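Colleague: My questions are about this predicted structure, shown below with the sequence.
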2 protein chains.
Amino acid sequence: MSVTEAETVSVAEWLFAQPALNLSVSENAIEWDNTVALIELMVPGKAEALSYLNSNGSAPLRYAHVVVDHRATTEPYLVDLLVGPLPIQNGTIRYEPLTYPYTKSAGGRVRNLDADSETMSAWFYNISASIADITQELWGGMATGGDEDSLDLWGIDPPWQDDGRIIRWTAFWNLPTSDFDVETLLPLGLYFKADVTGRDPAGWSVEGWFYNGIFYSTTEELRSAFFSPDFVKLPPDEDGLWIQTGQRGPVPPLDTAYPPTMVAPSGSRFFVDEQQQYVKWMDFEFYLGFSRDIGLSLHDIKYKGQRIIYELSLQEAIAHYAGQDPMQSGTAYLDSFYGFGPYAFELVKGYDCPPHATYLNSSFYVRETTHTHTDSICLFEMDAPYPMQRHSTASYVSAAKNVYFTVRTVNTVGNYDYMFSYEFYMDGIIDVNVRASGYIQAAYFANNHDYGHQIHDALSGSMHDHVLNYKIDFDVLGTANTMIATTLVPATETYPLQKPTPVRESIASEDSSRLLWGANGATQYTVVNTDQPNSYGEPRGYRILPSLGTAHLTVQDSSNIVNAANWATHDIYITRQKDSEPRAAHPYNSQDVFDPPVDFAQFFDGRVCCRRIWSFFTTSHSGVQVMPLNYLEGDPSMESVHQVKIEYEAGAVGEVETFGQPESSCQAEWWGYKGDSVVRKFPYAPGEVYYETEDVG
Amino acid sequence: MSVTEAETVSVAEWLFAQPALNLSVSENAIEWDNTVALIELMVPGKAEALSYLNSNGSAPLRYAHVVVDHRATTEPYLVDLLVGPLPIQNGTIRYEPLTYPYTKSAGGRVRNLDADSETMSAWFYNISASIADITQELWGGMATGGDEDSLDLWGIDPPWQDDGRIIRWTAFWNLPTSDFDVETLLPLGLYFKADVTGRDPAGWSVEGWFYNGIFYSTTEELRSAFFSPDFVKLPPDEDGLWIQTGQRGPVPPLDTAYPPTMVAPSGSRFFVDEQQQYVKWMDFEFYLGFSRDIGLSLHDIKYKGQRIIYELSLQEAIAHYAGQDPMQSGTAYLDSFYGFGPYAFELVKGYDCPPHATYLNSSFYVRETTHTHTDSICLFEMDAPYPMQRHSTASYVSAAKNVYFTVRTVNTVGNYDYMFSYEFYMDGIIDVNVRASGYIQAAYFANNHDYGHQIHDALSGSMHDHVLNYKIDFDVLGTANTMIATTLVPATETYPLQKPTPVRESIASEDSSRLLWGANGATQYTVVNTDQPNSYGEPRGYRILPSLGTAHLTVQDSSNIVNAANWATHDIYITRQKDSEPRAAHPYNSQDVFDPPVDFAQFFDGRVCCRRIWSFFTTSHSGVQVMPLNYLEGDPSMESVHQVKIEYEAGAVGEVETFGQPESSCQAEWWGYKGDSVVRKFPYAPGEVYYETEDVG
């Protein structure tokens, strides 16, 4: 599922040979040159792919997906192109705008608000340099864009877009003095507002300043206030041990001894084809995909030989901030703008993944080069710290191990490290979860008491939501799937009919398919194939449920993102699968928030709906699970030999069943299983210990 | 925190010497004799205990808590007694009713509806034997109470209580034919209703029968219908491989190899004083308690030398069923009636707890004997399968291990195994969770389609809630604690003030202290000590939040339990600590559901409130976490040496910092960290691999 090296080279060469594209090599390009932003494989449509996978149809034609950054114009834009078919042959090769994934009618184009980033940066540094006397006095440093700077500038994302104007608020930050990546923890509380509409800096203007809750409409106003006697100067945030990782403080007792660690005595118990990016563990198998926008994705997930999920992939992540200052209230990162693929850093062995993990590389294209992150995807089994099942009685105890399989990648987009895990369990469950680490983007403390806790001298934890959107294209025993919502409605009827009343509802159309989890876990969502009942007449399916908890966006009708993240307002969305809606978002949605390339709300056009699920996560760790429901008869985890049954009576073990598993150090201990020893207290008989043979209570 | 062997013996001997109690030894007792149901240590009041713990006050006097099953009367009752002080000395020793934990005004007494269980069982078997011809024809067996029976009888719990009458619905079940404990999966769908009010069987009567959705008001009616030609006979549920554990079906590929397992190269890194039941791990320390009613409890939990929680203990668990038949709709087990303590079975090494775990025993009193469950509590560290923190940049990566500590016990109350875990983390978090296993109590399939999925030939998954109540008595830097609820209210104001508006509310009185988690995770609950701000003025505290998700009872105003589980209607309750309210429930609440010994609703009497939290869990796995909030300045997990920082540049590692941790097999691999390798594609330069030195995207 990726372009080959030869394909990338040939597509690049062919593109550079097309005079109409007027391309320049990135490292030589200026802001008024066109460049190639991306060359990737275009994922084929599902109909074509299924024909190939299911019916031995011919393999889908291969195309490259190319993005050209078209800046040799007064109206710069990014354009998605389809180039192919591959391999390149004279006569058949051509390029055309890739328009079908767009809900925006713009020929596969979206304006580029960052076309002049270098000019704009220099223009911003002129502004900050113009108050160097103020920054020197406040923080002992300057932001001029030069090497001697101790201050940095950056601002809101996306830029504020309204009435045809582009407004950017820019904040001052202290540069770290250490090598730690802690700048997001060093806000200084001063912000300026600039209108940077258009490409001509002559038309750009400073619109005001904000400090300590006060807005100054000109630089002169700020200056005059600052040098007045009653100006309140607040302290800076400064780098120091307090934000640096590494051992700090008294080492806890026994901490320097080895902690427990996972080992794999038999090595890996799964199969990986690195070339095909194919993985098989126990009864699960699937293919890995990897792209610039969303990083790792999973395809054609089969369980016991039958496809259950056609595609499982991250769609987009938003980090939406809120607060009283213009930086906090203006920030709503849409991370696929930066891309997840380029930030799948090499993993730390033994920390990000257990010591026995297997690693794969990932690659992405940027600026005429292909970059490879070594060991950036890991695969490993774990023995969960609790059994899959167990049951005790007065005569036997049985238990089964809970060994599960994880595919993991970590994408560090700026300050946040997203640890994405896909976990597979012996009972047919797939758990999709994300854990965030890294550094927060903190708020300056001034006047922020209502919006966060003060966490250091001049710093406040910043209020923000992380919401992530995943696509799950279920194919449970074929593509004809239905979503059923079952809600338990509390009822207070009289015995013997007292009961919650379950209400089952099939989600019939996209008019009613934007869903919330519902209060008190009383609603259960299940994707079923009604044509495929099990032998008891129940439709076979998969349930979808929060595992670590999830949430949708707290802010409603955000004016920062307008239509750019309409996938973040609910917990689950159901849409009918359509090849022209491959993704809920587009990396450049932030460039035109009123009319973004992909407005997810436009996917909901009243069609009869089924099968594709988009669900949401948030906060520092959260997850969603898909769980077989009436899919299999019986418990598939019983297939494993990693079970034990100990039969005992009167303090002695009669039999230990181990079901063909290899010997382990615990086996001797199982023969020592005792049960329940008894000493009589009245009449007191301390010497006569005996063993109970039935349940007592 | 338990009576000594000598104390138990002396209390038993002394009780048996009191003529007024008129006690008989259990094994000789008949239904009209008085017996001792329990001898345990009475937990002292908190004021006394704190005086001892904090101020070197004298140790609280020791008393035994005794329960006498008083059946030598026409109105049998169970009575809680306080016996002491201990050790027993003539002149000071006495017993008195233990009344203060009761909300019921009854001198520490509650009626015993099970006083005549043997007589009642025989009476029920007479009824079932009277239709032996029917049971033979339906299921090829009988329920007579004899050894040759293949059928069993048991019914609803609690018995139905209304208008002074006691009504019991009894169901027929197939007895397992194997040694597996699967009877709860073998319902047969026939039920009879009996009025068993009073102690005289002459006053008891059969009130009707229920089969396949039809109610027959007499046995004769049932009989006549059964032998009519149009009677519909439904199949039985029968024991078989389908419900037995053990390896079944094709062994998955590679399953017979050793799976990964946790090892502890340095052995245990924590301290346990078995005598004192004291545990210390890293910066946490606490004492264990154990009782018949609730099993394991945690006391005096200190973190970095300061008490944060005075008591953390299970209070009660309910399993409330619902459905269309009288068994399903009449069942609402209150498990402390059976007790958790007696069912803390010996754990399975390597399955219930990892191979390197440490084990403790637990003991309980029953029928003049003390029973000991060997190795029924385990303690172990785990290295979580994800780091505590990590951060990647283009020049370094840092990560910290997430080693945590677990105390675990499993209580199998009948068919359900509750695995209780208390987990302690290096960042100050305590996670309290429960995972249920064992066998469900399933429903007979007839007419049950609206209430559950059919899961076998004649079996239906039964709709039921598990709700568990825990008490957390927080003492965050002293006892003067306050609960703050912070709710983010979505707001749609105009930029730059677009934000959710946080509303902070102090829970001021018990009139408003029954709380729900709130929609979309937007409400945050925090226990703070407002007298103890940190250096930034934020009150130090602990946040309480669902970790694996929780729910409260779906059924509202249940007529089965009436006032016996008023702790199950909300997610969190806050009450003012009061020594006379030691527990949210009483083991014999089921015996008088209208006026139970402890009606939790009566704890809410408008007092100014603080400090004690009662929270709820449900479903097969769920959990609640308490997390430091503004409690410490800085990140306590940084105290651990189990961190790594790898500095790299241009494909080579410059430095690996390991902070004093012992050498491990990963350390060589860290020196091989590469980062991001690059191959130029245009102009194509395949031979020249180089390494990226800054973030690209």
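Modeller: Nice, I can see it.
Colleague: And the strands in the stretch 351-500 of chain A, which stretches?
Modeller: Secondary structure of the stretch 351-500 of chain A (DSSP state E, counting those that start in this stretch): strands at A:358-366, A:369-383, A:389-392, A:396-400, A:403-413, A:416-424, A:430-438, A:443-444, A:454-456, A:459-460, A:463-474, A:482-489.
Colleague: highest average neighbour count across those?
Modeller: Across the strands of the stretch 351-500 of chain A, the average number of neighbours (mean count of other Cβ atoms under 10 Å in any protein chain shown) peaks for strand A:443-444, which reaches a mean of 29. Every C-beta, even on glycine, is put in place using the N, C-alpha and C of the backbone.
Colleague: ok, that strand: who's next to it in the sheet?
Modeller: According to DSSP bridges, strand A:443-444 forms sheet pairs with strand A:459-460 (antiparallel).
Colleague: Quick one: check the helix or strand hosting residue A:119 for contact with chain B.
Modeller: Using DSSP states H and E, residue A:119 maps to helix A:117-129. No - judged by Cβ under 8 Å from any Cβ of the partner chain, helix A:117-129 stays clear of chain B, getting no closer than 12.6 Å.
Colleague: Packing partners of that helix?
Modeller: For helix A:117-129, the packing partners by 3 or more Cβ pairs under 8 Å, 6 or more residues apart in numbering or on different chains; DSSP states H and E come out as strand A:151-155, strand A:165-174, strand A:187-195.
Colleague: Name the residues of the last one that come out as buried.
Modeller: If I follow you right, that is strand A:187-195. Buried residues in strand A:187-195, counted by 16 or more other Cβ atoms under 10 Å in any protein chain shown: A:187, A:188, A:189, A:190, A:191, A:192, A:193, A:194.
Colleague: which is the next helix or strand following that strand?
Modeller: Sequence-wise, the next helix or strand downstream of strand A:187-195 (DSSP H and E) is strand A:205-211.
Colleague: buried set for that next one?
Modeller: The neighbour-count check on strand A:205-211 (16+ other Cβ under 10 Å) flags A:206, A:207, A:208, A:209, A:210, A:211 as buried.
Colleague: give the contact list for the nearest residue to the fifth one once chain neighbours are set aside.
Modeller: The reference is to residue A:210. For residue A:210, ignoring the flanking residues on the chain, the nearest one in space by Cβ to Cβ, 6 or more residues apart in numbering or on different chains is residue A:191 at 4.5 Å. When contacts are counted by Cβ atoms under 8 Å, 6 or more residues apart in numbering or on different chains, residue A:191 touches A:155, A:169, A:170, A:171, A:172, A:209, A:210, A:211, A:325, A:326, A:327.
Colleague: and the strand ranked longest in chain A, what does it pack onto?
Modeller: Counting by DSSP state E, the longest strand found in chain A is strand A:306-322. Packing contacts for strand A:306-322, counted by 3+ Cβ pairs under 8 Å, 6+ apart, involve helix A:46-55, strand A:295-303, helix A:326-330, strand A:332-334, strand A:416-424, strand A:430-438, strand A:463-474.
Colleague: what about 6 Å?
Modeller: strand A:295-303, strand A:332-334, strand A:463-474 (3 or more Cβ pairs under 6 Å, 6 or more residues apart in numbering or on different chains; DSSP states H and E).
Colleague: partners of the first one, with directions?
Modeller: Partner strands for strand A:295-303, per DSSP bridges, with pairing direction: strand A:284-291 (antiparallel), strand A:306-322 (antiparallel).
Colleague: quick one: it to strand A:403-413, angle?
Modeller: Strand A:295-303 runs at 160 degrees relative to strand A:403-413, counting by axes from the mean of the first three to the mean of the last three Cα atoms, to 10 degrees.
Colleague: Could you list the buried residues of the longest strand of chain A?
Modeller: By neighbour count on 16+ other Cβ under 10 Å, the buried set for strand A:306-322 is A:307-322.
Colleague: same thing with stretch A:103-115?
Modeller: Going by neighbour count (16+ other Cβ under 10 Å), the buried part of stretch A:103-115 is A:103, A:104, A:106, A:108, A:109, A:110, A:111, A:112, A:113, A:114, A:115.
Colleague: which one of those sits closest to chain B?
Modeller: The closest of those to chain B turns out to be residue A:114 (Cβ to the nearest Cβ; 11.6 Å).
Colleague: Make sure I have this right: that closest one is in a helix.
Modeller: No - if the criterion is DSSP: H, G, I helix; E, B strand; the rest coil, then residue A:114 is coil and not within a helix.
Colleague: Which residue, neighbours along the chain excluded, lies closest to it?
Modeller: residue A:591 (7.9 Å).
Colleague: ok, the nearest residue to residue A:657 once chain neighbours are set aside - how many residues close by?
Modeller: The shortest distance from residue A:657 to any residue other than its chain neighbours is 4.3 Å, reached at residue A:645 (Cβ to Cβ, 6+ apart). Residue A:645: 23 surrounding residues under other Cβ atoms under 10 Å in any protein chain shown.
Colleague: in which helix or strand would I find residue A:645?
Modeller: Using DSSP H and E, residue A:645 sits in strand A:643-649.
Colleague: The helix or strand following that strand to strand A:643-649, inter-axis angle?
Modeller: Next in sequence after strand A:643-649, counting helices and strands by DSSP H and E, comes strand A:652-657. In terms of direction (the same axes, to 10 degrees), strand A:652-657 departs from strand A:643-649 by 160 degrees.
Colleague: roughly how far out does strand A:652-657 sit from the chain middle?
Modeller: 48 Å (Cα atoms, centre = their mean, to the nearest Å).
Colleague: Run through who's touching the next helix or strand along the chain from it.
Modeller: Counting by DSSP H and E, the element after strand A:652-657 in chain order, helix or strand, is helix A:666-670. Contacts of helix A:666-670 with the rest of the structure, by Cβ atoms under 6 Å, 6 or more residues apart in numbering or on different chains, involve A:646, A:656, B:349, B:350, B:355.
Colleague: Let me have the residues you listed in TSV, adding pLDDT, distance to residue B:9 and neighbour count as columns.
Modeller: Putting the contacts of helix A:666-670 into TSV (pLDDT from 0 to 100; distance: Cβ to Cβ, whole Å; neighbours: other Cβ atoms under 10 Å in any protein chain shown) gives the following:
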residue	pLDDT	distance to residue B:9	neighbour count
A:646	95	33	24
A:656	95	36	16
B:349	96	32	25
B:350	95	37	24
B:355	94	38	18
